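# Sharing a model prediction with you, sequence too.
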Amino acid sequence: MLLVVQESPGPDGSYGFTCRCRGPSGLVVVQVENSHLCLDDRLVEVNGVPVVSSTEEELSALLLRGSSAEIVVLRRPSSSPASQQPSLLRDHMVNPDALHTVRPEKDAVATETPPQRELMAI
């Protein structure tokens, strides 16, 4: 599933996760300390910029541009029912078919124009 996660750097200026470029999988989270991201999350976008084919250095440059980062990740669904998933998952799920970002705490659904990109599964 696609998730939108808001991350902010800690007092030392670093984010609470580490990514590594894993070949065709792209940037994958390999370490988590104080973050909403999970191990093996695959980064898709950072602040609206596609990072599927980005390097670790390019990711670092994107993260340093602002005071926080909105990160879209691809996460494997857990086997637990939705009611048992962390509230972050329930509050920020993306429906890729309708391109709606659901954020119940704001009582609104933001509709976005689909990006003009082609995805190819190999």
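Received it, and whenever you're ready, just let me know what you need.
# Tell me which stretches of the chain form helices.
With DSSP state H, the ranges of helices along the chain come out as 56-64, 87-91.
# Could you tell me the least trusted of those helices?
The weakest mean pLDDT among the helices of the chain belongs to helix 87-91, with a mean of 48.
# Got the confidence number for the residue nearest to Val28 when sequence neighbours are not counted?
Nearest residue to Val28, sequence neighbours excluded (C-beta to C-beta, 6 or more residues apart in numbering): Arg22, at 4.6 Å. No exception for glycine: its C-beta is placed from N, CA and C like everyone else's. What the model reports as pLDDT for Arg22 is 89.
# and what of Val32?
95.
# Tell me how many other residues crowd the nearest residue to it once chain neighbours are set aside.
Excluding its sequence neighbours, the residue lying closest to Val32 (C-beta to C-beta, 6+ apart) is Phe17, at 5.1 Å. Using other C-beta atoms under 10 Å, Phe17 has 22 neighbouring residues.
# Then the one 5 residues further on?
Neighbour count of Arg22, defined by other C-beta under 10 Å: 12.
# before we move on, the earlier item: spell out which residues sit in contact with the residue nearest to Val32, please.
Residues in contact with Phe17, defined by C-beta atoms under 8 Å, 6 or more residues apart in numbering, are Glu7, Val29, Gln31, Val32, Glu33, Ser35, Leu37.
# is it true that the last one touches Ile71?
Yes. At 7.1 Å, Leu37 and Ile71 qualify as touching, with contact defined as C-beta atoms under 8 Å.
# what's the overlap in contacts for the two?
Residues touching both Leu37 and Ile71 (C-beta under 8 Å, 6+ apart): Val5, Glu7.
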